[in-house]
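Trainee: sharing a model that was predicted from the sequence below.
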Amino acid sequence: QQSLNCWPTYTFSGDIKPGDTNGQGIGGTWYAISPDAKLIGATK
């Protein structure tokens, strides 16, 4: 498992190709990471 600034990073099984963010916001707990290594908040 990888982490970024102590936040765990995961891959989402529903993502098919690079750049997919299908897991973003699921359950209000998942985050995408921006190109400058910042968390992009999940929407609720």
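Mentor: Done, it's in.

Trainee: residues contacting the residue positioned nearest the centre of the chain?
Mentor: Of all residues in the chain, the one closest to the mean position by C-alpha atoms, centre = their mean is A32, 2.9 Å from it. Counting by C-beta atoms under 8 Å, 6 or more residues apart in numbering, A32 touches 21, 24, 39-40. The C-beta positions use only the backbone N, C-alpha and C, and glycine is treated the same way.

Trainee: residue ranges with poor pLDDT in this protein?
Mentor: Segments of the chain classed as low confidence (criterion: pLDDT under 70) are 1, 29-30, 41-44.

Trainee: 90 - rerun?
Mentor: Low-confidence segments of the chain, defined by pLDDT under 90: 1-15, 17-44.

Trainee: would you list every one of the strands in it?
Mentor: Here the chain has its strands, by DSSP state E, at 2-4, 7-9, 32-33, 39-40.

Trainee: hey, which of those strands is tucked in deepest?
Mentor: Mean neighbour count (mean count of other C-beta atoms under 10 Å) peaks for strand 32-33 among those, with a mean of 14.

Trainee: which neighbours does that one have in its sheet, and in what orientation?
Mentor: Sheet partners assigned to strand 32-33 using DSSP bridges are listed as strand 39-40 (antiparallel).

Trainee: ok so, going back, dump the strands of the chain to CSV, plus distance to I16.
Mentor: Listed next are the strands of the chain as CSV, based on distance: least, C-beta to C-beta, whole Å:
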stretch, distance to I16
strand 2-4, 20
strand 7-9, 18
strand 32-33, 15
strand 39-40, 20
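
Trainee: tell me if I'm right that I40 and G23 touch.
Mentor: No: taking contacts as C-beta atoms under 8 Å, I40 lies outside contact range of G23: 11.9 Å.

Trainee: tell me which two of the contacts of A32 sit farthest apart.
Mentor: The most widely separated members of the contacts of A32 are T21 and L39, with 12.7 Å between them, by C-beta to C-beta.

Trainee: nearest residue to S34 in space, ignoring adjacent ones along the chain?
Mentor: I40 (5.5 Å; C-beta to C-beta, 6 or more residues apart in numbering).

Trainee: actually, T9.
Mentor: Sequence neighbours aside, Q2 is the residue nearest to T9 in space, at 4.7 Å (criterion: C-beta to C-beta, 6+ apart).
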